[in-house]
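Visitor: Sequence first, then the predicted structure, then my questions.
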Amino acid sequence: MKKQKRITWLRGFTVFVMLALVGLFGFTYMSLLPGPVSKQNGTGTTIEGYYSHADFEMGCGHCHAPIHCVSSTKCQDCHMDVADQRASESGLHGNLPNTGRCNNCHIEHQGRDNDIRTLAYTNVNHYKLSGFSLDKHQADYAGDAMDCQSCHSQDDTLSSAPDCVTCHVSEDHDSMAQHIQQLGSNCLGCHDGIDRMDNFAHEDVYPLEGSHAQAECSECHLEQVFAGTPQACSSCHHEPDVHEGQFGQDCARCHNAIAWAPAYLVKHTFELQHSEDQTTVECQQCHASSTYTQHICTDCHDAADPMHNVHQNYDVDENQDCTSCHPTGAPEEALEIMKQLTPGLQDGDVTGQNDQNDTAFDPGS
């Protein structure tokens, strides 16, 4: 009798424990499960015999690992294409950051109708990743939410450049056609999605003055390339034959943006009244045997000139460019430099001591 009672008690206790475990599991399931998983399938095929995540909703271990929760390793046990992309660093999952945390982009437990293949880009900084912000591309012109394929319509790997034209040309065909004709279709060359071109002012980069104001964009931006456009005159205007290669490339010394002719010498640091009677010296007097970009001072200042003695006293190489010490041609400009070369030199000490007649060199002469 006692044995039968004990068996009955054990059976009752076992049933109680089982019911408690079922209740505890049910309570745990209802408490911890954030919500039902998706039953959507974008490909229409099965993986490992499962059509969707909903088929193994109670088998949490398919996706979750102890402590680490969602594990990319477990996900890749089924999604081998993702494993291949990550291993080869190719395709979508090989190029995006943090693809080891699948739930960064594929958020589950949002309901049966939730398609987790639509990337949410949670914790992915698209601007840092690609240089293009999605702040202004959350919804299309119809008000529908945009996903990756909204812009990257060429393939599923997102490795192709975004197709900006198709979307924008459908909204405003004429403006886009004109925009492309003038500026090209390399949208990312100018736009970053924030948008850096909203307040663009050409004068901040290169003032369009004179005849430049009427120039077409394509005249300076060849093949619709805008970044890094050279600003030197010679990059667009080839030197005319009349120059005969004698005037160099500093066009602004004689020309302005209004017109090439008439040309006036407007920037000449060296004083043109370089003579004792302060009359203007003819160009050929200094540029006699060379181009206008060069000058030979010793054609006038020959060996009899007292300045040779001064240079010898202070170890100055007469073969160097004279304008490095005399930018305007005035002798006194070199005094400060000579003081640096000769410590203790005073203003009145500049004399031609090697000259037999000890002729004084007057800086003002």
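Guide: Okay, I see it.

Visitor: Would you map the helices across the stretch 151-300 of the chain?
Guide: Counting by DSSP state H, counting those that start in this stretch, one finds helices in the stretch 151-300 of the chain at the ranges 164-171, 173-183, 202-205, 217-220, 283-286.

Visitor: Among those helices, which one carries the weakest average confidence?
Guide: Lowest mean pLDDT within these: helix 283-286, at a mean of 74.

Visitor: Under the pLDDT cut-off, which ranges of the stretch 1-150 of the chain? List them.
Guide: Applying pLDDT under 70 to the predicted model, the residue ranges of the stretch 1-150 of the chain that meet it are 1-10, 12-13, 15, 17, 19-33, 67-68, 119-124.

Visitor: what does the domain assignment say about the chain?
Guide: The chain breaks down into these structural domains: 1-32, 34-39+48-124, 135-194, 201-264, 268-365 (assignment by automatic domain parsing).

Visitor: from these, which stretch is densest packed?
Guide: Most buried of the domains of the chain by mean neighbour count (mean count of other Cβ atoms under 10 Å) is domain 34-39+48-124; its value is a mean of 15. No exception for glycine: its C-beta is placed from N, CA and C like everyone else's.

Visitor: can you tell me how far the residue nearest the centre of the chain sits from Q278?
Guide: The central residue of the chain, meaning the one whose C-alpha is nearest the mean C-alpha position (Cα atoms, centre = their mean), is G131 at 8.5 Å. Note on G131: its distance to Q278, by Cβ to Cβ, to the nearest Å, is 61 Å.

Visitor: what about the strands in this protein?
Guide: Taking DSSP state E, the strands of the chain run over residues 64-65, 69-70.

Visitor: what lines up beside the last one in the sheet?
Guide: Strand pairing for strand 69-70, using DSSP bridges, gives strand 64-65 (antiparallel).

Visitor: so how far is the partner strand off the chain centroid?
Guide: Relative to the mean C-alpha coordinate of its chain, strand 64-65 is positioned 42 Å out (Cα atoms, centre = their mean, to the nearest Å).

Visitor: show me where pLDDT drops low in the stretch 151-300 of the chain?
Guide: 154-160, 196-199, 266-267, 288-291.

Visitor: Roughly how far does the closest residue in space to H168 that isn't next to it in sequence sit from L96?
Guide: Taking Cβ to Cβ, 6 or more residues apart in numbering, and ignoring the residues beside it in sequence, H168 has M176 as its nearest neighbour in space, at 5.3 Å. Distance, M176 to L96, by Cβ to Cβ: 30 Å.

Visitor: With F56 instead?
Guide: Here the distance between F56 and L96 works out to 26 Å (Cβ to Cβ).

Visitor: And C297, by the same measure?
Guide: Separation of C297 from L96 (Cβ to Cβ): 66 Å.

Visitor: Also L272?
Guide: Between L272 and L96 the distance, using Cβ to Cβ, works out to 66 Å.

Visitor: got it, and H202?
Guide: As defined by Cβ to Cβ, H202 lies at a distance of 37 Å from L96.

Visitor: quick one: contacts of stretch 129-148?
Guide: Stretch 129-148 has contacts (Cβ atoms under 8 Å, 6 or more residues apart in numbering) with 96-97, 118-119, 121, 126-127, 150-151, 158, 162, 167, 170-171, 188, 191-195.
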